[in-house]
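J.: just a sequence and a predicted model for now, questions to come.
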There are 2 protein chains.
Amino acid sequence: MTKKIAIDAMGGDYAPLEIVKGVELARDRYPELEFLLFGTESAVKPLVQNWERLTLIPTTEVIEMGDEPVKAMRRKKDSSMVQAALAVKDGRADALFSAGNTGALLSSAIFLVGRIKGVDRPALATALPSFGGAHDQFVFMDLGANAESKPAHLYQYGILGSFYASHVLGIADPTVRLLNNGAEEDKGDEVHKTAHLLMKDTTAFNFLGNIEARELLAGTADVVVADGFSGNAALKATEGTALMMLKQLKAAIMAAGVRGKLGGALLKPAFKTVQKQLDYNEAGGAVILGVKAPVVKTHGSAKAPAVANTMGQIKTMLDHQLVPDIETFIAAHKDELQAGKEALSTQVNG
Amino acid sequence: MTKKIAIDAMGGDYAPLEIVKGVELARDRYPELEFLLFGTESAVKPLVQNWERLTLIPTTEVIEMGDEPVKAMRRKKDSSMVQAALAVKDGRADALFSAGNTGALLSSAIFLVGRIKGVDRPALATALPSFGGAHDQFVFMDLGANAESKPAHLYQYGILGSFYASHVLGIADPTVRLLNNGAEEDKGDEVHKTAHLLMKDTTAFNFLGNIEARELLAGTADVVVADGFSGNAALKATEGTALMMLKQLKAAIMAAGVRGKLGGALLKPAFKTVQKQLDYNEAGGAVILGVKAPVVKTHGSAKAPAVANTMGQIKTMLDHQLVPDIETFIAAHKDELQAGKEALSTQVNG
């Protein structure tokens, strides 16, 4: 069955050109997808090569990277992002894509597309490379959608992340760990200690215990759950260190004269391999889990190939019924989730 | 003037051999230092080559890496670590060194050596490599001494870290940034927003604003202050990523056959340079700031050269009056610090 993706054509460093190019690549790659392009008519229309399965819905405003997210979403009602989100809300589209302002997309996802009933806090998840584990990727969340998290939120991330791992990464019975400042179950602040207790005896997912950030990429679990604040810190420290190491290696190679140049030339393919392994942005975007449709944010600097890959990722989410299956699970386990929260609050306060 | 360092000779993966060897190296390097070795007599005595400026104080217990920190400190009263801490408390030694259980050392530092009056929460700090900034190192804290931090604690870390940067790294008028999940001042959870407000107008240190973990090693400040939970996550993610990248590079080089081997051989010195730049453990240990004497924890896997370098670090702390200068500053600014806290609590709650 044909599925429609609502595209914010104006968000991102290279919008609308690379967005439109990426969507056309995806259109040619996935014959069962249709695309609704939301954007400024004069800017988008001239870029389209072929209108097959492509519809332009003209909008007059653009949410900028520096805009205050909630305000921008509320005030710029005719922006490409808000109109694309409203199309999903109204059922005119099945999923939402943007490379623009992350905070505004989060607000649009939560307030316009809407939370899944029973999910307290939608969160931002991404697949990261995993080295040495059973699979070559794992799900890491929350990347910073929520600066403050309660134990019950972290517990729900375990459910959402497990569904993403099984439905999108194709990992059967995914394992889950909690990012904490020690491996032992009594480690961490009150939020993480309590979250650990909630997760320990759950049947909702396959919990293996805590993990320290040092092991993040080491393949010890298929889903790593973090509070948004330290999850954001760990993700960005990982990115920053990887970039800095490549830079320092290049500098050391340049400083080594002819020897360095020759060695560098010989190892270029090896460097490329590692760089590619680390470039998780190529594989797709960050997903807002816990809302009523797939909403995906790709990197602001994404170019056409990354945009097209992200459409593939959205297609997998749609084909594999990610959102309906989460909705069904949460609805079926509603009483259990509620009882768990209450039992825990007695345990913690009593 | 001769200074005495109390050594926990039994803590660390290679204790007591590498600790004793490191102390002897340091004794030969620093003629003005004396060392009190606390440890099991039968284990330590046979290792000492030369007793010049070395005194063995026999102890009968050892705090193990897996021991519960506070309990171990309270119960193992005749352990090498507790006895070494008591020597500092009683004025028989000027500083404390251990490669053992970090939590137990923190407890010993806080409860036995004692907090500086006016410091609410001593914290763990280390110097990390800085790439691209004005200096080649910066101070990062809290590394995880406190799983829960209040804004006033983060503010105090700014003071403690600035003193460490000026007195030990030799950086005049050090700059300070707050690790947060965005550069703008309204970013973060309540703790970080409030901490930012406290720091913004302070005259106690030179605050430049927030920093994201991506920029941690990029040399944007001489001191980066973090809450212990996300500071720990950022540090460990940095370490884990650096180790993983080196491992992946080696694997890619090995997979590239003769070409890889030749390239790898040519670039060996360049790799060594980068590996050395990243190996901050070689430069010394993590310092517990905010207690009444220098207390330094070196890496559990530290060998003799790293142990000796750590003695040099302790010597600098003593020579440059780090602790007395912090005490004087905090005492002089007591009313101001208190007024700041009160004004802020009105501002936040009102």
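T.: That came through, no problem.
J.: any weak-confidence spans in the stretch 1-150 of chain A?
T.: Applying pLDDT under 70 to the predicted model, the stretch 1-150 of chain A contains no residue that meets it.
J.: for chain B, what are the nearby residues on it?
T.: A:131, A:144, A:147-148 (C-beta under 8 Å from any C-beta of the partner chain). Heads up, the C-betas are built off the backbone N, CA and C, glycines and all.
J.: can you pick the most crowded of these?
T.: Ranked by neighbour count (other C-beta atoms under 10 Å in any protein chain shown), those have A:Gly144 at the top, with 26 neighbours.
J.: that one: what's it in contact with?
T.: Shown here is A:Gly144, whose contacts under the criterion C-beta atoms under 8 Å, 6 or more residues apart in numbering or on different chains are A:124, A:228-229, A:231-232, A:235, B:181.
J.: that one in helix, strand or coil?
T.: coil (DSSP: H, G, I helix; E, B strand; the rest coil).
J.: so it versus A:Ala123, what's the distance?
T.: Taking C-beta to C-beta, to the nearest Å as the measure, A:Gly144 and A:Ala123 are separated by 9 Å.
J.: same check on A:Gly263?
T.: With the distance defined as C-beta to C-beta, A:Gly263 ends up 44 Å from A:Ala123.
J.: one more: A:Tyr14?
T.: Counting by C-beta to C-beta, the gap from A:Tyr14 to A:Ala123 is 27 Å.
J.: which one's more surrounded, those two?
T.: For A:Tyr14 versus A:Ala123, the count of surrounding residues by other C-beta under 10 Å is larger for A:Ala123: 31 against 16.
J.: bridged to the more buried one, which residues?
T.: Each beta-bridge partner of A:Ala123 is listed here: A:Leu289, as defined by DSSP bridges.
J.: check contacts around it.
T.: Applying C-beta under 8 Å, 6+ apart to A:Ala123 gives the contacts A:141-143, A:145-146, A:153, A:157, A:160, A:228, A:288-290.
J.: the nearest residue to A:Gln313 once chain neighbours are set aside and chain B, how far apart?
T.: If the residues on either side of it in the chain are set aside, A:Gln313 comes closest to A:Gly284, at 3.7 Å by C-beta to C-beta, 6 or more residues apart in numbering or on different chains. Taking C-beta to the nearest C-beta, to the nearest Å as the measure, A:Gly284 falls 20 Å from chain B.
J.: hmm, A:Gly284 is touching A:Met317, no?
T.: No - the pair formed by A:Gly284 and A:Met317 falls short of the contact definition of C-beta atoms under 8 Å, at 9.9 Å.
J.: overlap in contacts, those two.
T.: Residues touching both A:Gly284 and A:Met317 (C-beta under 8 Å, 6+ apart) are A:Val296.
J.: show me chain A divided up by domain.
T.: A:1-119+A:290-321, A:120-281 (the TED database).
J.: and stretch A:146-165, how far out from the chain middle?
T.: A distance of 13 Å separates the C-alpha centroid of stretch A:146-165 from that of its chain, computed with C-alpha atoms, centre = their mean, to the nearest Å.
J.: buried sites along that stretch?
T.: For stretch A:146-165, the neighbour count (16 or more other C-beta atoms under 10 Å in any protein chain shown) marks A:146-147, A:149-165 as buried.
J.: next: stretch A:175-184.
T.: Burial within stretch A:175-184, assessed by neighbour count using 16+ other C-beta under 10 Å, is assigned to A:175-182.
J.: now the helices for chain A?
T.: When assigned using DSSP state H, the helices of chain A occupy the ranges A:17-29, A:41-44, A:69-75, A:80-89, A:102-107, A:151-167, A:190-200, A:228-255, A:257-278, A:304-319, A:322-332, A:334-349.
J.: will you turn these into CSV that also has distance to A:Asn206?
T.: Shown next, in CSV, are these (distance: least, C-beta to C-beta, whole Å):
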stretch, distance to A:Asn206
helix A:17-29, 33
helix A:41-44, 45
helix A:69-75, 34
helix A:80-89, 31
helix A:102-107, 28
helix A:151-167, 7
helix A:190-200, 10
helix A:228-255, 20
helix A:257-278, 26
helix A:304-319, 21
helix A:322-332, 14
helix A:334-349, 16
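J.: minimum distance to B:Gly240: which of those has it?
T.: Distances from B:Gly240 to each of the helices of chain A were compared using C-beta to C-beta; the shortest belongs to helix A:228-255, at 7.6 Å.
J.: show me what that closest one is packed against.
T.: The elements that helix A:228-255 packs onto, with contact taken as 3 or more C-beta pairs under 8 Å, 6 or more residues apart in numbering or on different chains; DSSP states H and E, are strand A:123-129, strand A:137-141, strand A:175-179, helix A:257-278, helix B:228-255, helix B:257-278.
J.: out of these, nearest to A:Leu216?
T.: Checking those against A:Leu216 by C-beta to C-beta gives helix B:228-255 as the closest, at 5.8 Å.
J.: thinking again about what came up before, tell me which two of the contacts of A:Gly144 sit farthest apart.
T.: Taking C-beta to C-beta, the two most distant members of these are A:Leu124 and A:Phe229; they sit 12.4 Å apart.
J.: so A:Thr40 touches A:Asp8, yeah?
T.: No - if you go by C-beta under 8 Å, A:Thr40 and A:Asp8 don't touch, sitting 11.5 Å apart.
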